[in-house]
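how would this look folded up:
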Amino acid sequence: MSTEEKSAAPRSLAEALRVRDDVSLAALLRSRPDLITPVPTDLTQLATRAGTRASVVRALERLDRFTLQTAEALAVAADPAPYEELVRLMAGDEGDPVVSAALPRAVALLREQALVWGADDRLRLVRTARELLAPSPQHPSPTGLGPTVREATAGMSPGRIQEILAVVGLPSTHDSVSAVSALGALFADRPRMAALLAEPPEESREVLARLVWGPPYGQVTHDPAPHLRHLLDRGLLLPTAPGTVVLPREVALHLRGGRAHRAPEPVPPPVEAAAAHRPQVVDATAAGQALTALATVEDLLKEWDEGGPAVLRAGGLSVRDLKRTAVALDVPEPVAAFWAELAYAAGLIASDGAEDERYAATPAYDEWRELPTAERWARLAGTWLTATRTPGVVGGRDAKDRTLSALGPNLDRSAAPEVRHRVLALLAGLPEGASPTEESVLARLRWERPLRGPRRDGREGQDDDLRTRLARWTLSEAELLGVTGRGALAAPGRALIGAPEPPRAVEAAEASGASGASGAPEGPGDKLPVHHHRTPPVPAPATPAERAAATARAARLLAPLFPEPLDHVLLQADLTAVAPGPLERPLADLLGVLADVESKGGATVYRFTPGSVRRALDSGQAAADLHTFLARHSRTPVPQPLTYLIDDVARRHGRLRVGAASAYVRCDDDTTLDEILADKRASGLALRRLAPTVLAAQADPAALLEGLRAMGFAPAAESAGGDVLIARADAHRTPPRTAPEPVPDGPPVPDDTLLTAAIRAVRAGDLAATAPRKPGPGSGAGDAPAAGGLPRTGAAETLATMQAAVMTGEALWIGYVNAEGAASQRVIAPIRVEGGFVTAYDHTADEVRTYPLHRITGVAELADDAT
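Now for the predicted structure:
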C-alpha cells in the first residue's frame, strides 16, 4: 500500500462509518436498531455505541453460524489481518472452494453490521467483539485455539526462552522480544515445523492430537513424563500456570492444516421433506382443524360464561382449574393452556376485576362471535403469530423457582414471534404440500442463530434450548390452529406470513409415482426431495396495516374451504341430535343451551337431558317454543321420547320459586313442600316452614337452587317482585379490556421514514462536530473546545460575529440549547440578525431557521477549507 493510500485508509470505526453512503448506514441501523435508540448526535457517537458490549453481544447473537465462525477466525488472526490470512484460517492450507465462495458474503455482513471495518488488506474486528470471541483461560474460544506464543510466554523467564531456542536449533538473541519473535516465526513456517514435529515420539504426538482441536490446556505434574518433557523443551507446549500447559496457537494451526475451525459450515443445512401431499388435501385438512380450533375456543368461553375460575393471588390459573378446563375441553392440559392463552392474547378473556376476581369473557368476545367464520380464525391466527406469551412454558419454573401458571405472569418470551415466523417461512420454502422433518427444521434454526446460552461477557443469556423448544411448539401449535395441514403449510398460513405463492412442485412428484388419497409416499424407502438452496427470507409484516392486510388475505383464502353452515340437525330416538357439519349461529346457540355436546368430530352429537331442557327453560324459552324449534330444524320427525321429556320438565319447571330472604322457597302445592322437608338430602339447606306454601332457608339462593335441583326438582329463581329471573348465556362479562401487548425483543426495526430522518440528523450533527474552526481572537490551539464540546463566547462577541457573518456571507459553527435543554452543534450561514433572533441557513438541517440569540452558547468561524 502506498503512503497516500495508507493516509486515506480509515483509522477508526467512526472514520469508516463516515465514508459510508446513506444506503449502507440504513442497512446498519436496520440490522442493529438499538443504535438509534435514541438517535446519536453524530457518527462518532454512533461508532461508540456500536462498540458497546451490550450492542455487540446482541449483534453477535443474530449472526448465522458461518458468519460467526468468520468473526471467530478474525478474533484469532492478526490485528489488522489481510483478507488472504482470513481465507487461510477458514479454508485451510489446501483451500476449500465452497468456503472461499461463501466468505465474501460473511465479511460483507460483518462490515454491514459494523463488527468489522477496514479495507481487505487491513480487516479489523471491533475491539469489544475481539474481547468476546478471542481465546482466554476463562472463556475458551469456539475455535479451540489457545494463546499465541507471544501471549503464552509473557511471564516466562528470558533464560527459559533462550533454552527453548537452543533446543529447536535457533541462534540465541540479546532480548526476549526477538527470541519470542524467532520462535513464533519458526512455528508459522510450515516446512520447518514439519521437520520439528517429525522428531517427537508417538506418545508426544498423541498428546498434541488430543489438544489440537481444543480445549488447548492440559495438566502436568511437577516432574513431567519424558514424552511431555520433549514437547516442553521445544516450546510445543508452554506453561501458563503451575501444573498447566497450553498448546500455542501457531502450533495448533500447523497441525490443523491452517484451519481455525474443524468443520466450517458455509452452507445452511437443508430443510428436508418428510412427506408430500396434494395441496388440496393440505388446505382441506387445515380448514377442518381451523373449524375445530374455533369450536374449542367457543367451548372454553362457554365453560367460563357465568364466571370462570378464580384468579390466583400472583395471577393466573391454578393447577386444579387448568385440569378442570382440560377435562371440559377433552384435551391434554398443555393444549388447554394453549387455548386459554390464545383467547387471552386475543382479548377474548380477562379477569373481571371484582373483589372475588375471576376470569370471564370480555365484550370483545361477543363482537368476535359476530364476525364471519374465516375472519374469526384469521384474528386468532394473527394473534398467535405475533404474541410473545408462550403457553409451552406453563408448568415450568421461573428464576425464583416458582411454578409458571397459565394466564399468569412471566410467560412472555420475546423471541417467540420471530421463531414462529421463521419456522413457517422455512415451511413455505418447501414445495407446496410438502411437510418437513422436525430435526431438519431445528438444525436449520441452530445454523441461523447458533450463539445462545451463557454470554461471553459473563451475564446469563437466553436459554440455550429456548429456540429449539419454541420451534417444536410452533410446529404443534400451527397444526392445532389450522395454519398447517398434515405438517405442510396451508395456503391461508402462507398468506398469514406474507409468503409468495409457491410453484406447484407436488404435481411433479405425483407424476413420478406418488399415490394414495393424499398423493404422498408413505413407505420408509420413498425418496423425497431435499432442498439445499438457501430459503429466501420472508419479511414479517411489520406495520399494523401490513399485518391487517395479511390476515385479511388469509381469511379470503380460507373462506371457500369452509363448508356452508347447516340449518338442520338429525333427531334420533335415543334423545340425541346429530349435526352433520357446522351449524348456523342461531341454531348452534339455542341447541347448545337445549342439549349437551356428547361427542365431536366430522359430526357433532348432542344429548338431551332433563338438566339441559331445564337450562333452556331457565333461559326464557317455553315448552311450545322448544317444540317449534325442533320441528323446524330437524330433517327427521321429532321422536316421541324427546317430546315427552320436554313436556315433563316444563310441567314441573317453576312450580317451586326461590328468592332471597336470606333465601326462601314458595310453591302453590303444599304437598311438594312436605316432600322436600321429608327428604334427608334437604338437611344441609336448614329449611323451616313459614307458611303452608313458603319455606325459609339459611343457604343463599344460588346454593338453594343447586340443592333442590340435585334432589330432582326444577325450581326457578325469582326477583323481589316475584318475576321469574331468566338466566342468559352472556350474563357475565368483564369491563372492556385491552389485549396484552407483546413484549418486543429489543427496539423495533425502524421504518424507512425514521431511518431517513435519523441518518439526516446524524450526518448533520457530524458535519457540525467535524467542521474545522478558526481559533478565536487571541486564543491558542489549546483554547479550542474539546471534541464534542460546544463553543463558548460572550453575548457581545456572539452578536458581533453574527453581524459580521451576515455581511461576509461566511458560515459559522454555533452551540445551541433548545427549550428542552438539549444541546447540539450546528453549522449556519446567518442571513439576518434583529430583535434578539438570528435567521440563518442551517447546513445541518438543510433549511432556513430562526434561533433566539440567548440560546446560542457560543460561536466560532469555520476554517477556510471547511467552506
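
What ranges does the stretch 51-200 of the chain have for its strands?
Secondary structure of the stretch 51-200 of the chain (DSSP state E, counting those that start in this stretch): strands at 116-117, 124-125.

Looking at the ones you listed, spot the one closest to residue 282.
strand 116-117 (43.7 Å; C-beta to C-beta). For every residue, glycine as well, the C-beta is placed using N, CA and C.

Sheet partners, orientation included, of the closest one?
Take DSSP bridges as the rule and strand 116-117 pairs in its sheet with strand 124-125 (antiparallel).

got the contact list for the strand it pairs with?
With contacts defined as C-beta atoms under 8 Å, 6 or more residues apart in numbering, strand 124-125 is touched by 71, 74-75, 79-81, 110, 115-118, 133.

try it again with 6 Å
Identification of contacts with strand 124-125 by C-beta atoms under 6 Å, 6 or more residues apart in numbering yields 74-75, 80, 116-118.

Just put the residues you listed in CSV and tack on neighbour count.
Putting the contacts of strand 124-125 into CSV (neighbours: other C-beta atoms under 10 Å) gives the following:
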residue, neighbour count
74, 28
75, 22
80, 17
116, 25
117, 23
118, 21
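
Considering those, which is situated nearest to residue 96?
residue 74 (17.4 Å).

which one's the longest helix in the chain?
helix 279-303 (DSSP state H).

List the buried residues of that helix.
Residues 279, 281-283, 285-291, 293-302 are the ones in helix 279-303 that count as buried (16 or more other C-beta atoms under 10 Å).

Quick check: residue 320 vs residue 185, distance?
73 Å (C-beta to C-beta, to the nearest Å).

which of the two has more neighbours?
Comparing residue 320 with residue 185 by neighbour count (other C-beta atoms under 10 Å), the higher total belongs to residue 185, at 13 against 9.

contacting residues for residue 434?
273, 276, 488.

and the first one, that one's in a helix?
No. Under DSSP: H, G, I helix; E, B strand; the rest coil, residue 273 falls outside any helix and is assigned strand.

Residue 833 reaches residue 803, doesn't it?
Yes. Using C-beta atoms under 6 Å, residue 833 is in contact with residue 803, at 5.5 Å.

Counting neighbours, go ahead and name the busier of those two.
residue 833 (18 against 15).

So what's the residue count around the closest residue to that one other than its chain neighbours?
Among residues not flanking residue 833 along the chain, residue 802 sits closest, at 4.9 Å (C-beta to C-beta, 6 or more residues apart in numbering). Residue 802 has 21 neighbours, counted by other C-beta under 10 Å.

go on, the one 3 residues further on?
One way to gauge burial is a neighbour count; for residue 805, by other C-beta under 10 Å, it gives 22.

Shouldn't residue 748 be within a strand?
No. Remark: residue 748 does not belong to a strand; assigned using three-state DSSP, it is coil.

What sits closest to it if chain neighbours are left out?
Residue 748 sits nearest to residue 33 (C-beta to C-beta, 6+ apart), 6.5 Å away.

likewise residue 356?
Nearest to residue 356 is residue 310, by C-beta to C-beta, 6+ apart, at 7.1 Å.
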